[in-house]
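S.K.: Next input, structure requested:
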Amino acid sequence: MRIVFDTNVVLSALLWHGTPYQLLAAIRSRSDVQLYSSTALLEELADVLTRPAAAERLALIGRTAREVLADY
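M.R.: Alright, predicted model coming up:
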């Protein structure tokens with residue numbers, strides 16, 4: 001199965017440990033599922049992560065946008 005996550009779902013999974021985080025964790029452990037993205041989606045995520053609200057949340061969890069993006 002192939003899955004592409006919306007930027008908002010990815011953002012939620014990265015910044016909080018609610019349902020999107022749990023979904024992503026469950027999918028990452030499955031070998032029959034492949035996650036896909038695109039340059040446009042990654043650029044949008046990078047843009048959103050640098051906005052004030054996301055930057056504040058990242059600071060609370062001790063991460064930077066650069067660190068989060070490097071993981072993916």
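S.K.: give the contact list for residue 57.
M.R.: Counting by C-beta atoms under 8 Å, 6 or more residues apart in numbering, residue 57 touches 15, 16. C-beta coordinates here come from the backbone N, C-alpha and C atoms, glycine included.
S.K.: swap the cut-off to 10 Å and go again
M.R.: 11, 14, 15, 16, 49, 63 (C-beta atoms under 10 Å, 6 or more residues apart in numbering).
S.K.: how about it, secondary structure?
M.R.: Under DSSP: H, G, I helix; E, B strand; the rest coil, residue 57 falls in the helix class.
S.K.: Distance check, it against residue 44.
M.R.: If you measure residue 57 against residue 44 using C-beta to C-beta, to the nearest Å, the figure is 17 Å.
S.K.: quick one: furthest residue from the center of the chain?
M.R.: Distance to the chain centre peaks in the chain at residue 32, reaching 20.2 Å (criterion: C-alpha atoms, centre = their mean).
S.K.: got the CA coordinates for the least confident helix or strand in the chain by mean pLDDT in PDB?
M.R.: Across the helices and strands of the chain, mean pLDDT, DSSP states H and E gives its lowest value to helix 65-70, namely a mean of 86. Only the C-alpha atoms of helix 65-70 are listed here, as PDB (Å, rounded to 0.1, in the frame of the first residue of the first chain):
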ATOM      1  CA  ALA A  65      12.700  23.000  12.100                       C
ATOM      2  CA  ARG A  66      16.000  22.000  10.600                       C
ATOM      3  CA  GLU A  67      16.400  19.000  13.000                       C
ATOM      4  CA  VAL A  68      12.800  17.900  12.200                       C
ATOM      5  CA  LEU A  69      13.300  18.100   8.500                       C
ATOM      6  CA  ALA A  70      16.700  16.300   8.700                       C
END
